[in-house]
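Engineer: how would this look folded up:
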Amino acid sequence: MTVMDDPMGLDEVDLFGDPVLSPPPPSRALQQRIDDLRTRGATHSIAWSKQGTIASVSRDGASVELRFLRCHPETGQWELSPPTSCSALPPAPGGAPIVNIAWAATSNTELAVIDAVGRIAILSVSLSLNRAYLSRRWDADHDDLHPIVGCYWLPLPPTPANRPFLFMYGPAVWNQTEYKFENTVHPPSAPYHPNPGKSALLCVTANGFLKLLYSQNNNRMEETSLELESVASSDDMITHASICSDKNLLFIVLATASKQLKVLKVAIQWSAPQPGDKQAPPGSVTLSPSLMEKHVAISTWYQPFPSATPLDPLMTQLSLIEMLPSCHQGQSLPEAPLLVLTVRSFLPAFGSLYNQGYQSIIDRWELVTDPQALHPAFAQLSQKTGHTSQLPPLTRLRKLEPIVVPKIVIGIHTMQFGRVLCFAFSDGTAQYHDRFTMDEIYHVQDVHRIMSPLQVGFHFEPETPCKCLEVAFSPTNCSFVQINENWTARWNKMQYTTDPIIIKEEEGNQHDAMLAALSVSLSAGFYYQTNFDDVLAIARPFAQKQDFVYTWVRSVSNMVKALVDYSEETYHDQLVRNHPLAFCLSIMNHLGFHDEAKPRDFCGKFAMLTLNLRNVVLLITIANNAPGSLKEKLNPLDDPDVVTALAGCANWAVTLLSWLADCLLDLQADAAFRAILADPKRFAELAAHMHARGTVALHLLLCSSTRGFLSAVCRRLAILEDMCHKAVKYFEQRNATTASMASTADRRTPDLYHAYVKMMRAISSGLVKFQDFNKLLTALGEGVRTTYRETLGAVAAQQGQNQQQQDLLIKKAQAHAELDMLLGGNPPSSFREMLDRFFSVHVKAFGEGCDRAKLYFGNYDILEIADAPAEKGKTPVHVDVFKRTLVKPAAVPKKGAAGGDQAVVQWRRCVRCASVMEDIIGRGPGFVFVLAQQRKCSCMGNWGLEPTKGLG
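Structural biologist: Next comes the predicted model:
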């Protein structure tokens, strides 16, 4: 038997031979928690969704509270938000308390809420992290012998759909000079819901039934069930159950009151095959699932080993059970079979005269298959008759060596496709173990092969005393939220061992290891588009260190293979869909944000403008390219609300172009800047000069990706302008020719007309013409391409390689230069003459057609790029991310004339960058379609709904 011991503390050492005092007895809250775990298997009062919502059951068990991580706009520090009670959940019939909650992994996250008698309600969280909608009521569920003892949401299929494996970045391996990111793959864990974006809930009841709750293709919730075990007496009652997916089957382990351990496998057939329906899309088939079960193995979960620990015979009650699917150990190694884990815990009784401490035993079984051989006599008989008979293989549960822990285990969490097990303890600590060997990992530093920040000097923040009842880990496993004994929620994130600002030069390898660990930690958030806000919170203290943001983003860019070179115009159509690039910009945007009262630094301003520009281009494109089915009902551009929102986007875009023009003309008149361009020896000072000025305009134009966004927005403005002229002309001609049509016209016509007029004025009132600015971008782009072609082509030709190798070398060099400029670095030295000519010729000619005074005194508040900090007591400027208009803070509802409260529009606030948008609900299909594209902030952060009384 393996024993996991902690180092002995000084308080436990008997220096003078006196009897050591017994440990304090367990609190009543901990005793109650262990009793609940022993009574039924499904008792989770807190859960963390893949999208970032933290749900918890209220202390009285009557409601569900929603929380999330947020960067506080007034302090810039990450914290756990105040709880928001879920008003969409009706009280359980009969007042039964809520005992279990479980999240699905879908994008519109679903939360299963289960009460003590087995009723199930399902909530959906889509727009804001702290607002849920009811998608299944629990009024019609049975309440007799149907308590839920285990539940499981079906996983989502791999993305893209044709990929036959699950993918994970890591480990980061040190090769003596730098870290290289390897990839880990894992077989998919089918079965899945037929609709790739949906899941289904499976529940095991105490009376032996398996319930399948699934969403029909019309979004209606339906249910089917299957009897797994016939329960004839109280000894047959199922107390705990666990479910996992493995090789297109569901495996279920059941623990009964008579201490039996049973394993079953279940197959799901969603719809009967119908001839001629092979070409039918998945969403057009009515789902009619059927469940088929087969018993696999049986054993007992109570097999004491008195010789190993005297307390083993006293642990006769099960508290936790977990089943893990089979797992590949690595190349040339056999596959590890399915694994069953159970936990039995011992709590000393009140007033005990013995020095008995806390203890838990983790029992393990492997589901193995052994071949069976016929008795020789039967084998001979088969040979005589000419028939060959083979017995089917025998599947059994093979008991492994148990693990003894001198703590109370309150939770089991799996990581890295089940390769790592994390055991959470009642003292607020956690231990990580290798699934195959059960050796403890991540407890010592190892900078050669990194999979977790715990290997490079990070640790969870200690707190004394820290007694918790439940723990929920984040999607990145870099933090957790615990329910303490007073039923308060506490967020515990990793922190670095030493001051992150003080890193000596000789510890460069440690610094690289820290960057690699942070990169690996957020890789799952990138690939599966899950929440990684806690990694940003962990990295935020390092943002004060010089060049940390740029070195980390460079590491992330190399890991996710972000495409940053768009110097060739053929790639511009893919720019908006470049998720890796937006991911890197999102990191820069957050780390460049300090709080609402302080100006952003260079990287933050650059990333914020780029992401907002990308968002404007995306919204205009979506509104102008709605699906044909939607255009038949209502074209988004026929909805005045959509046109009004696009008018705000157009106004923001022309304001940005005006501000860029002002910055360029200011640089042209800057003697220090022109001196740098004129002197080849001083050209290396260009980036430092831009940082000192706080001017990001030059880098926005030099980077091919951001220049591509600027060109794209100019093209979108041309489309909108043409559309405005046609729409206004149409309405004016119709009203002029037929006066009587004013009474019979569509009611949307006046509002739509005024919306298009507003958009036309926004575009035409710009301080610069977008057509002229686009010509400036075209000239610069041509100059950049020519410079790349002449300088890099000449260098590649000197290498003596063939044309294909030369092209690859040129592309690699261009990508390196583009990434440097994207991260605020200096342009290549070959750009000096091109830039000098650009400012001397093109910018000068462009400035002759501009009103310099209007540009200088222009109002650019809508861009949120003020360099001066906000004055004390002055309200910061807030711009609606969707409408691109200035908005005022949501006020406390005031009493109206009739004594009622006036309606107040709430805000959605981004949890990362503190941007806001009004919490508006779409009224028409066109507006709903366009508004749906703003499910997240332009920086890719989630929305949190602010209370009407302001921040909590």
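Engineer: lowest-pLDDT helix or strand in the protein?
Structural biologist: Lowest on mean pLDDT, DSSP states H and E among the helices and strands of the chain sits helix 741-744, with a mean of 48.
Engineer: for residue 127, see how far away residue 933 is.
Structural biologist: Residue 933 sits 12 Å away from residue 127, going by C-beta to C-beta, to the nearest Å. C-beta: built from backbone N, CA, C; applies to glycine.
Engineer: higher neighbour count, those two?
Structural biologist: Taking neighbours as other C-beta atoms under 10 Å, residue 933 and residue 127 compare with residue 127 leading, 18 against 14.
Engineer: residue contacts, the more buried one?
Structural biologist: Contacts here follow C-beta atoms under 8 Å, 6 or more residues apart in numbering; on that basis residue 127 touches 908, 935, 943.
Engineer: now stretch 436-443: mean pLDDT?
Structural biologist: For stretch 436-443, mean pLDDT rounds to 94.
Engineer: may I see the buried residues of it?
Structural biologist: Across stretch 436-443, burial judged by 16 or more other C-beta atoms under 10 Å covers 438, 441-442.
Engineer: with stretch 579-595 instead?
Structural biologist: So for stretch 579-595, counting by 16+ other C-beta under 10 Å, buried means 580-595.
Engineer: in CSV, list the contacts of residue 127 along with distance to residue 664 and pLDDT.
Structural biologist: Compiled in CSV, these are given as follows (distance: C-beta to C-beta, whole Å; pLDDT from 0 to 100):
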residue, distance to residue 664, pLDDT
908, 35, 94
935, 35, 92
943, 35, 96
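Engineer: which one of those is nearest residue 365?
Structural biologist: residue 935 (43.6 Å; C-beta to C-beta).
Engineer: if I look at the closest residue to the closest one other than its chain neighbours, how far off is residue 412?
Structural biologist: Using C-beta to C-beta, 6 or more residues apart in numbering and skipping the chain neighbours, the partner closest in space to residue 935 is residue 127 (6.1 Å). Note on residue 127: its distance to residue 412, by C-beta to C-beta, is 33 Å.
Engineer: please apply the same query to residue 931.
Structural biologist: 41 Å.
Engineer: now residue 259
Structural biologist: Taking C-beta to C-beta, one finds residue 259 at 20 Å from residue 412.
Engineer: ditto for residue 840
Structural biologist: In terms of C-beta to C-beta, residue 840 sits 68 Å off from residue 412.
Engineer: same deal with residue 664?
Structural biologist: Distance from residue 664 to residue 412, by C-beta to C-beta: 59 Å.
Engineer: do the same with residue 449
Structural biologist: Look at residue 449 and residue 412: by C-beta to C-beta, they are 25 Å apart.
Engineer: in stretch 145-155, which residues are buried?
Structural biologist: Buried residues in stretch 145-155 (16+ other C-beta under 10 Å): 146-155.
Engineer: what's the closest of those to residue 240?
Structural biologist: So of those, ranked by how close each gets to residue 240 (C-beta to C-beta), first place is residue 149, at 5.7 Å.
Engineer: residue 840 and residue 412 - which one has more neighbours?
Structural biologist: Using other C-beta under 10 Å as the criterion, residue 840 and residue 412 rank with residue 412 on top: 18 against 14.
Engineer: backbone dihedrals for that one, please?
Structural biologist: With angles defined as degrees, to the nearest 10, residue 412 sits at phi -120, psi 130.
Engineer: do the same with the one 3 residues further on
Structural biologist: As for residue 415, its main-chain torsions (degrees, to the nearest 10) stand at phi -140, psi 160.
Engineer: and the residue nearest to it when sequence neighbours are not counted, how many residues sit next to it?
Structural biologist: Spatial nearest neighbour of residue 415, chain neighbours left out: residue 477 (5.3 Å); criterion: C-beta to C-beta, 6+ apart. Using other C-beta under 10 Å, residue 477 is surrounded by 23 other residues.
Engineer: and what of the one 10 residues further on?
Structural biologist: The tally of other residues near residue 487 (other C-beta under 10 Å) stands at 15.
Engineer: swap in residue 426?
Structural biologist: 28.
Engineer: so what's it up against?
Structural biologist: Contact partners of residue 426, counting by C-beta under 8 Å, 6+ apart, are 30, 33, 358, 407-408, 410, 467-469.
Engineer: name the member of these with the most neighbours.
Structural biologist: residue 468 (28 neighbours).
Engineer: pretty sure that residue contacts residue 481?
Structural biologist: No: contact between residue 468 and residue 481 fails when scored by C-beta atoms under 8 Å: they sit 9.6 Å apart.
Engineer: name the residues contacting each of the two.
Structural biologist: residue 490.
Engineer: count the neighbours of the residue nearest to residue 201 when sequence neighbours are not counted for me.
Structural biologist: Residue nearest to residue 201 in three dimensions, not counting chain neighbours: residue 213, with 4.3 Å by C-beta to C-beta, 6+ apart. Close neighbours of residue 213, defined as other C-beta under 10 Å, add up to 21.
Engineer: pull the residues that contact the helix or strand harbouring residue 213.
Structural biologist: Using DSSP states H and E, residue 213 sits within strand 209-215. With C-beta under 8 Å, 6+ apart as the test, strand 209-215 has contacts from 112, 120, 122, 135-136, 146, 193, 195, 198, 200-205, 221-228, 252, 266, 268, 287, 289, 291, 293.
Engineer: now do the strands in the stretch 51-200 of the chain.
Structural biologist: Using DSSP state E, counting those that start in this stretch, the strands of the stretch 51-200 of the chain run over 54-57, 64-67, 69-71, 78-80, 84-85, 98-103, 109-115, 120-125, 133-136, 148-153, 166-174, 179-186, 200-205.
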